[in-house]
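>>> Model the following, please.
(chains A and B)
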Amino acid sequence: MHWGWRFPSALQTVQTFYDGMANGQLLEATLSSLRRILIAFVLSCGIGMTLGVLFARSRLLDETFGFVVVALQTVPSIAWLPFAIIWFGLNDFAVVFITTIGATWTMTIASRSGIKNIPPIYLKSAQMFGTGRGFRLFYQVMIPAAIPQLITGMRMAWAFAWRALVSGELIARGIGLGQLLEEGRSLGDTSLMLCIVLVIAILGTISDHLVFKRIEERIWTQYGLNAAKT
Amino acid sequence: MFRKVAYSSLMIVLILTLLSGCGTSGSGSNGSSKSVDPITVRIGLLKNVTHAPAFVAIKKGYLQDRLGANVKFEVQGFNNGSDFSTAMATGQIDIGYVGPSPIINQYIRSKNIKILSGANNGGAVLVTRKGSGVTSVKDLAGKLVAIPTKGSTNEISLRLLLQEQGLKVSTDKSGVQLIAMAPADTLTAMKQGQVDAALLPEPWGTQIANEGIGNIAVEWDQIPPNKGNYPLTIIVTSDDFLKEHRNLAKSVLLANEDAIKFIKDSPGDTYSLVSDELKELTGKGLEAELIKATLSHLNLTMNIDQDSLKIMAQVAVDAGYIKGVGADGLDLAGLYDLSLLKETQEGK
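Here you go, the predicted model:
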């Protein structure tokens, strides 16, 4: 067994990273992947929250379409790729589509349970204070009360989106981290493959630590849910 | 204490079972291989008609004759050269037919592959989709062109074609965009208008033209390098197999020679053999018409044109597929072992 080329050395990987950044290929791939995932993430948060709220508020919808969403959540988003290719072609749109699908259902379910789990006493007292049953109740009470769950949902959606993104990019055209990973595989370039894996891991950690975790902690503290911080 | 010993010994037994399980499945599990000589040669090839010598060697029985009755062989079909090269470098196949470029890319990294012989020169064409507005190579700027895999021999040819016209490969509309997809998918993608052109091994080009989806823009004998007369299918083996079973490797070369002779002498009898083997590999045969067209679009030869391979390797370096190589530092000397070919041709 020659493990020499099967697992790249740290030096080779750093060299590949440096080369990729220097000639712009890796940077371009990272930026285009980030662009796709951000578009998909915003879309899936929007769609997911809307659906979640609808399901939480309407029993009829929940018992019909809500069931479908739970079923859809079990479908890996890559399973939609063959459809996406036929519907949209092998372009960015297809990748954004499956990434959105990959993250939407998680977001829907998180926001649905976020709203559903609001203690009824909050809603009743809010109504006593005169919010009515409409938009003000929703905006002033329900959304703030559901935020901790929404943030958790977003964190999960972000992770799911990455999975869908990379698997979609492995097949679609253009440039992105998935495409580079596939190129590394085609060329037997293990250092490039490891480099991409590290970039994805680093991006994931950075976004989780610097964005979602911070927001989550701030909100938990703000809501008095974080015992350690008080 | 006893329980601890019992537990750990159980674990060891489990691990050993797992490991031995890997061993048998890795070396090809033939139920009846308990007899005297359990050698199984694992042969790899691509499911392309440009690999016709391999198909004929298998179907006509040349391979079994040359290997001898004690040796079994099993055939693994691959979709592209990248997968083949990875399989060969990691010891999953022993010897086989493939295009040269993926082998060069892999050799630079793993240094455990040898080119033994040629099988076929040329046999790829550039097809353009009807309605894409592309009629010649010049028009490809801003278009999407499909190739079987990144770093494939076809991609190298495409890059040379583009170079001749001063076009660049890019990831946006400023140059020519590339996409790697299996030839069968390319046909569908072209039908749907998703791909503008493709550089493909035959018969895919002819098939796309016959189905009225596209036109052949550059014929096989105009594809660079060397106007179609460049190695497209070669025989390669792993260093390990060559060291341990040099005679078996030679048998494969002899069978290849037999097959090439057969195809040249009686092309009419070849079509059904090729179609049958394709059917075994892919579940689908091919019309004699298409096989005939393919065989007239290539040049079967055992010789290896090292100059063409050098040009192709340089393109791979320029494309960034082979890294860390100076202007003249690409050393491919260790990639060839043509001694067996010489023995075969001299009839030793």
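>>> so what's the residue positioned nearest the centre of chain A up against?
Nearest to the geometric centre of chain A sits residue A:158, at 2.1 Å (Cα atoms, centre = their mean). Residue A:158 sits next to A:41, A:103, A:207, A:208, A:212 when contact means Cβ atoms under 8 Å, 6 or more residues apart in numbering or on different chains. From N, CA and C alone the C-beta is placed, and that goes for glycine too.
>>> and the second one, how many neighbours does it have?
Just to be clear, that refers to residue A:103. Using other Cβ atoms under 10 Å in any protein chain shown, residue A:103 has 31 neighbouring residues.
>>> so who does it touch?
By Cβ under 8 Å, 6+ apart, the contact set of residue A:103 is A:40, A:41, A:44, A:45, A:48, A:157, A:158, A:160, A:161, A:164.
>>> And what about the residue lying closest to residue B:96 once chain neighbours are set aside, helix, strand or coil?
Closest residue in space to residue B:96, ignoring its immediate chain neighbours: residue B:44 at 3.3 Å, by Cβ to Cβ, 6 or more residues apart in numbering or on different chains. Assigned with DSSP: H, G, I helix; E, B strand; the rest coil, residue B:44 falls in the strand class.
>>> So which of the contacts of residue A:103 wins on neighbours?
In terms of neighbours by other Cβ under 10 Å, the contacts of residue A:103 top out with residue A:161 at 29 neighbours.
>>> Please look at it and residue A:42 and confirm they touch.
No: at 10.3 Å, residue A:161 does not count as touching residue A:42 under the criterion of Cβ atoms under 8 Å.
>>> where does chain A have low pLDDT?
A:1-3, A:225-230 (pLDDT under 70).
>>> Over to chain B?
For chain B (pLDDT under 70), the answer is B:1-2, B:4-5, B:9, B:12-37, B:324, B:326-329, B:348.
>>> That one against chain A: which residues are in contact?
B:80, B:82, B:85-86, B:89-91, B:102, B:105-106, B:109-112, B:144, B:149-152, B:171, B:177-181, B:189, B:192, B:194-195, B:320-321, B:323-324 (Cβ under 8 Å from any Cβ of the partner chain).
>>> count of residues packed around residue 59?
This is for chain A. For residue A:59, using other Cβ under 10 Å, the count is 10.
>>> ah, no, chain B please
Residue B:59, neighbours per other Cβ under 10 Å, totals 18.
>>> got it, and residue A:22?
10.
>>> quick one: it from residue B:279, how far?
Distance, residue A:22 to residue B:279, by Cβ to Cβ, to the nearest Å: 49 Å.
>>> Same check on residue B:63?
Residue B:63 is 18 Å from residue B:279, by Cβ to Cβ.
>>> near chain B, which residues of chain A?
Residues of chain A lying near chain B (Cβ under 8 Å from any Cβ): A:1-2, A:4-6, A:15-16, A:19, A:23, A:25, A:28, A:85-86, A:89-90, A:173-175, A:182-183, A:185-190.
>>> buried subset of those residues?
A:5, A:15-16, A:19, A:25, A:28, A:85, A:89-90, A:173-175, A:182-183, A:185-190 (16 or more other Cβ atoms under 10 Å in any protein chain shown).
>>> Great, nothing more from me.
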